[in-house]
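1. The sequence and its predicted three-dimensional model are supplied below.
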Protein chains: 2
Amino acid sequence: MLPEGNFSSVVFELLATDSSTKARYGRLTTAHGTVETPIFMPVGTQGSVKTLHPDELKLLGSEIILGNTYHLWLRPGQETIRELGGLHRFTSWDRPILTDSGGFQVWSLAKTRKITEEGVQFQNHLDGSPALLTPEKSMEIQATLGSDIAMVFDECPPYPCERSYAEESTALTTRWAERCRIWHADYSPDFFPDAPTNTNGDENSLPSARRQLCFGIVQGSSYQDLRAASARDLAMLDFDGYAVGGVSVGEPEEEMFRAVEHSEPFLPPEKPRYAMGLGTPPQMLEMIARGVDMFDCVHPTRSARHGLAFTNDGPIHIKNARFERDKSPLTEDCHPHLADFSRAYLRHLFKAGEMLALRLLSFHNLDFYLRLVRNARKAISEGQFEEFRSSFCERYNHKRT
Amino acid sequence: MLPEGNFSSVVFELLATDSSTKARYGRLTTAHGTVETPIFMPVGTQGSVKTLHPDELKLLGSEIILGNTYHLWLRPGQETIRELGGLHRFTSWDRPILTDSGGFQVWSLAKTRKITEEGVQFQNHLDGSPALLTPEKSMEIQATLGSDIAMVFDECPPYPCERSYAEESTALTTRWAERCRIWHADYSPDFFPDAPTNTNGDENSLPSARRQLCFGIVQGSSYQDLRAASARDLAMLDFDGYAVGGVSVGEPEEEMFRAVEHSEPFLPPEKPRYAMGLGTPPQMLEMIARGVDMFDCVHPTRSARHGLAFTNDGPIHIKNARFERDKSPLTEDCHPHLADFSRAYLRHLFKAGEMLALRLLSFHNLDFYLRLVRNARKAISEGQFEEFRSSFCERYNHKRT
């Protein structure tokens, strides 16, 4: 049964679709502005995209970032963020924010989890305190955070996963999704006092959503029929968008692609799709070709902090001795913010343990990801996506001697 | 005996002197631009002012930064920096750089030091390799780095220090200073190919120095007559400027002031004076009142990384629980770069271990130091320095209940 609530306004527009793949070019309207898709969302787990200033995220052209409900709930806590005016004001970020539900972190970080119909009891990873996260509580925290897009609270099964466990888990996720949908329709903020009324000055664009959007999450592990059932059941609940969850949890890449392929046909085409926690640059393009519109991943920033930099010819390890006296910039077309620095200098900063190195590589890797999705959009709108995908992947994966 | 060399061109102008103290407002001309004094030089030990991008240093109005010869010699090494075109190009910093000589780091960091007439044999702190640093070698490395101001290689005695050791050490430092002066006159770069020919567009200003400047370092421990003798002997060598060294090495604050008071009367008034490794904000003002023009210190950036922020009412510890829900910015007049962030947010970033916190506090503390010396300049030029010093220190040191 569909809960009531103003979910009918159009928040997603398809601007172009690819003829030879399922790739889509779209525009999503949120309370804090519009976002063009395909989009990559930098991850700001604890209220900060690691090492970067919000001004730098804007310099990168970041349109939307992600915040982690689990982490922010534990620290600084719901009441602190409420008093500070919500996550946008707290972090000085005035563009869209998507918050996850905490389901994945409870699975990956918390200790002594106990899953019941009500929710998940666990000990948090910071000080071991007991806590209970339920669908309603997750939605309540996300309402306090005031994110533009809230995610439903799901159970993320491990990989590999027994059929019987996956069946029960998927059914539980669907029941929880319904509870989230009901809570959200009844209580979620439908008005953002500090949201801009017109975000891009284009009179023909859709008006900004004046309420928090809510996305469902498809589960089902690696079972085709469970993925299909999950997607169908969630579609009945009429969410603003749909995520594919339970991916990038240790499964082979082919399994990951299949999880999306088995879900996508049952998702409403007029709603945005989001593959959670992905991925490498080629994986994103493969997912875009399968009809996915949104991505988030710690990969670009986390690997930057380990000295890995993305290039069109694949990733390079800046600490490698071959860069010791390399005068060239990180990439031939790298962002002006770091174009003046040689690979030799970046290597030196890493070897010397200088934090500037982590900043510059984080910035570069996000630039690489954000440029990649912008180029994908352009290719889709020009009917060139398949050529773009194959030529990018061929160069990126080419083994150099 | 004075070595030959083109040290006669005027590189320092006194623009104003205070009537009630020895404070001076001046202008120093270097190959990469002019610097107004009193000045604070942020410390870029390993080719990076920790956590900050060069663009941010410019946003802060940094006119000159410091590089550490000892650290850069060990890593990335003299040949690497030579191949990369010198320290300015290597670090993408086109404004003045002062390099220290390595004397202090050999004393404070290196292991199994053995001091001879020739120089210092030691094991470096990174991998324990044996190395020899001599006056000539230090000058050669600084010539390779291409700094605007090189410092002579000195021996830094410990505190406290026996009279007999201090006598020998001070005499050795003077002999080494003469060797540095000779090497510098013979071999140092007197032409910077990438230095701007006119740095401030003011036709009445002095032309830029087209050669590396060289400063002597007064030693003498806590002995008044040794400080006086050291200053007199160095003045005979006609350096471009004079530093007071062997301060901030564990001695009481009064001893530190006395080391400057005992040196200053014997230093040529038409040359800039530099107190090395200082200090707290009130200490800098006390030193300015005693005729010092230049400062460097890791205090603002190092304490920032421990959560300490400078304010006009004294330092605060941002991790303190009282800031948990404090909506106000770090200070009422803080830089726009961090004015949007609440103390509560900065505290959260620190508690969560987010690197952005270290960046923002480093930026803030340098802004505080650089603003302080700019305000000191203004006060001197307006004949208000004594009022400025006393009112700043009174408010800064006022014990709050």
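-> Noted; the coordinates are in hand.
2. Give the rounded mean pLDDT of the helix ranked longest in chain A.
-> With secondary structure taken from DSSP state H, chain A has its longest helix at helix A:355-381. Averaging pLDDT along helix A:355-381 gives 98.
3. does any part of it sit near chain B?
-> Yes - against chain B, helix A:355-381 shows contacts by Cβ under 8 Å from any Cβ of the partner chain at A:355-356, A:358-360. Bear in mind the C-beta positions are built from the backbone N, C-alpha and C, glycine included.
4. got the contact list for the helix or strand following that helix?
-> Along the chain past helix A:355-381, the next helix or strand (assigned with DSSP states H and E) turns out to be helix A:385-397. By Cβ atoms under 8 Å, 6 or more residues apart in numbering or on different chains, the surrounding residues in contact with helix A:385-397 are A:18, A:20-21, A:23, A:281-282, A:285-286, A:288-289, A:312-314, A:372, A:375-376, A:379.
5. Got a quick ChimeraX command for the buried subset of these?
-> Remark: buried members of the contacts of helix A:385-397, expressed as a ChimeraX selection using 16 or more other Cβ atoms under 10 Å in any protein chain shown:
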select /A:18,21,23,281,282,285,286,288,289,312,372,375,376,379
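6. Now, the contacts of helix A:385-397 that are in helices?
-> Within these, residues falling in helices by DSSP H are A:281-282, A:285-286, A:288-289, A:372, A:375-376, A:379.
7. Kindly indicate which of the residues of helix A:355-381 next to chain B lies nearest B:Pro158.
-> Taking Cβ to Cβ as the measure, B:Pro158 lies nearest A:Met355 of the residues of helix A:355-381 next to chain B, at 31.5 Å.
8. The closest one reaches B:Met355, doesn't it?
-> Yes - using Cβ atoms under 8 Å, A:Met355 is in contact with B:Met355, at 6.0 Å.
9. which residues do these two both contact?
-> A:51, B:51.
10. Helices of the stretch 1-150 of chain A, start to end?
-> A:54-59, A:69-72, A:78-83, A:86-91, A:103-108, A:135-145 (DSSP state H, counting those that start in this stretch).
11. what residues does the second one touch?
-> The one in question is helix A:69-72. Against helix A:69-72 from outside (Cβ under 8 Å, 6+ apart): A:45-47, A:81, A:87, A:99-102, A:105-106, A:109-110, A:133, A:138, A:141-142, A:145, B:352.
12. Can I get stretch A:224-241 as PDB, trimmed to CA atoms?
-> Below are the C-alpha coordinates for stretch A:224-241, written out as PDB (Å, rounded to 0.1, in the frame of the first residue of the first chain):
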ATOM      1  CA  GLN A 224      18.600 -12.700 -10.000                       C
ATOM      2  CA  ASP A 225      15.000 -13.300  -8.900                       C
ATOM      3  CA  LEU A 226      15.600 -11.700  -5.500                       C
ATOM      4  CA  ARG A 227      17.100  -8.600  -7.200                       C
ATOM      5  CA  ALA A 228      14.100  -8.400  -9.500                       C
ATOM      6  CA  ALA A 229      11.600  -8.900  -6.700                       C
ATOM      7  CA  SER A 230      13.300  -6.300  -4.500                       C
ATOM      8  CA  ALA A 231      13.300  -3.800  -7.400                       C
ATOM      9  CA  ARG A 232       9.700  -4.400  -8.200                       C
ATOM     10  CA  ASP A 233       8.600  -4.200  -4.500                       C
ATOM     11  CA  LEU A 234      10.500  -1.000  -4.000                       C
ATOM     12  CA  ALA A 235       9.100   0.500  -7.200                       C
ATOM     13  CA  MET A 236       5.600   0.000  -5.800                       C
ATOM     14  CA  LEU A 237       6.600   2.300  -2.900                       C
ATOM     15  CA  ASP A 238       7.200   5.200  -5.400                       C
ATOM     16  CA  PHE A 239      10.500   6.500  -4.100                       C
ATOM     17  CA  ASP A 240      12.200   9.600  -5.700                       C
ATOM     18  CA  GLY A 241      15.000   7.400  -6.900                       C
END
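13. Can you point out the buried residues in that stretch?
-> Neighbour-count burial for stretch A:224-241 flags A:226-231, A:233-235, A:237-241 (criterion: 16+ other Cβ under 10 Å).
14. same question, stretch A:167-186
-> Neighbour counts over stretch A:167-186 (16+ other Cβ under 10 Å) mark A:167, A:169-174, A:176-185 as buried.
15. coming back round to it: mind putting the helices of the stretch 1-150 of chain A into a markdown table with mean neighbour count?
-> Shown next, in a markdown table, are those (neighbours: other Cβ atoms under 10 Å in any protein chain shown):
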| stretch | mean neighbour count |
| --- | --- |
| helix A:54-59 | 17 |
| helix A:69-72 | 26 |
| helix A:78-83 | 17 |
| helix A:86-91 | 22 |
| helix A:103-108 | 22 |
| helix A:135-145 | 24 |
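16. who's in contact with the residue of chain A positioned farthest from its centre?
-> What lies farthest from the middle of chain A is A:Arg325; by Cα atoms, centre = their mean that is 37.2 Å. Counting by Cβ under 8 Å, 6+ apart, A:Arg325 touches A:344, B:80, B:83-84.
17. roughly how far apart are it and B:His337?
-> Using Cβ to Cβ, to the nearest Å, one obtains 34 Å as the distance from A:Arg325 to B:His337.
18. Pretty sure A:Pro268 sits against A:Met236.
-> No - in this structure, A:Pro268 is not within contact of A:Met236 by Cβ under 8 Å, at 10.1 Å.
19. The buried residues of stretch A:224-241 in strands, which ones?
-> Here DSSP state E is the test, and these give A:Gly241 as lying in strands.
20. could I get the buried residues of stretch A:224-241 as JSON lines with pLDDT?
-> Compiled in JSON lines, the buried residues of stretch A:224-241 are given as follows (pLDDT from 0 to 100):
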{"residue": "A:Leu226", "pLDDT": "98"}
{"residue": "A:Arg227", "pLDDT": "98"}
{"residue": "A:Ala228", "pLDDT": "98"}
{"residue": "A:Ala229", "pLDDT": "98"}
{"residue": "A:Ser230", "pLDDT": "98"}
{"residue": "A:Ala231", "pLDDT": "98"}
{"residue": "A:Asp233", "pLDDT": "98"}
{"residue": "A:Leu234", "pLDDT": "98"}
{"residue": "A:Ala235", "pLDDT": "98"}
{"residue": "A:Leu237", "pLDDT": "97"}
{"residue": "A:Asp238", "pLDDT": "96"}
{"residue": "A:Phe239", "pLDDT": "97"}
{"residue": "A:Asp240", "pLDDT": "97"}
{"residue": "A:Gly241", "pLDDT": "98"}
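21. Alright, that wraps it up for me.
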